[in-house]
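Colleague: Pasting a predicted model and its sequence here:
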Amino acid sequence: MAEKLIPKYYGQYLIKFNRPIGRVYHLDGTVTENVVYVEIGRNSDGTIKYAYPIVEPKNKSFLMESNYGNNEQV
């Protein structure tokens, strides 16, 4: 779903979902559940290079909001 919300151009994108989307497993063995951010990177040809949930973005300049999962009717 997240890959459909971002432009099909090279770059790094952050999406904030308004619902839990996954878990983050940390190096010390702890787990953060119910994260709402995903980071996605695209290759120069527009294909997905990586996509994974993150706890909190350090740089929110690439942040995009998603209404996916809201109870609002469009």
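Modeller: Sure thing, it's come through. Numbering: from 1, shown residues only.

Colleague: what bits of the protein have low per-residue confidence?
Modeller: The chain contains residues with pLDDT under 70 at 1-2, 59-74.

Colleague: any idea where the helices of it begin and end?
Modeller: 2-5 (DSSP state H).

Colleague: and the closest residue to residue 26 other than its chain neighbours, how many residues sit next to it?
Modeller: Nearest non-adjacent residue to residue 26, counting by Cβ to Cβ, 6 or more residues apart in numbering: residue 32, 7.0 Å away. (Glycine included, C-beta is placed from N, CA and C.) Residues near residue 32, counting by other Cβ atoms under 10 Å, number 14.

Colleague: Also residue 37?
Modeller: Using other Cβ under 10 Å, the number of residues around residue 37 comes to 19.

Colleague: Leaving out the residues flanking it, which one is nearest to it?
Modeller: For residue 37, the nearest residue in space outside its immediate sequence neighbours is residue 54; the separation is 4.9 Å by Cβ to Cβ, 6+ apart.

Colleague: what do you get for residue 48?
Modeller: Closest residue to residue 48 apart from its sequence neighbours, by Cβ to Cβ, 6+ apart: residue 3 at 5.5 Å.

Colleague: just residue 33 next, same as before
Modeller: Once flanking residues are discounted, residue 33 sits nearest to residue 23: 5.0 Å by Cβ to Cβ, 6+ apart.

Colleague: for the one you found, what are its contacts?
Modeller: Counting by Cβ atoms under 8 Å, 6 or more residues apart in numbering, residue 23 touches 31-35, 53.

Colleague: how close does the most centrally placed residue in the chain get to residue 29?
Modeller: Nearest residue to the geometric centre of the chain (Cα atoms, centre = their mean): residue 38, 1.6 Å. Counting by Cβ to Cβ, to the nearest Å, the separation of residue 38 from residue 29 is 22 Å.

Colleague: Lovely, talk soon.
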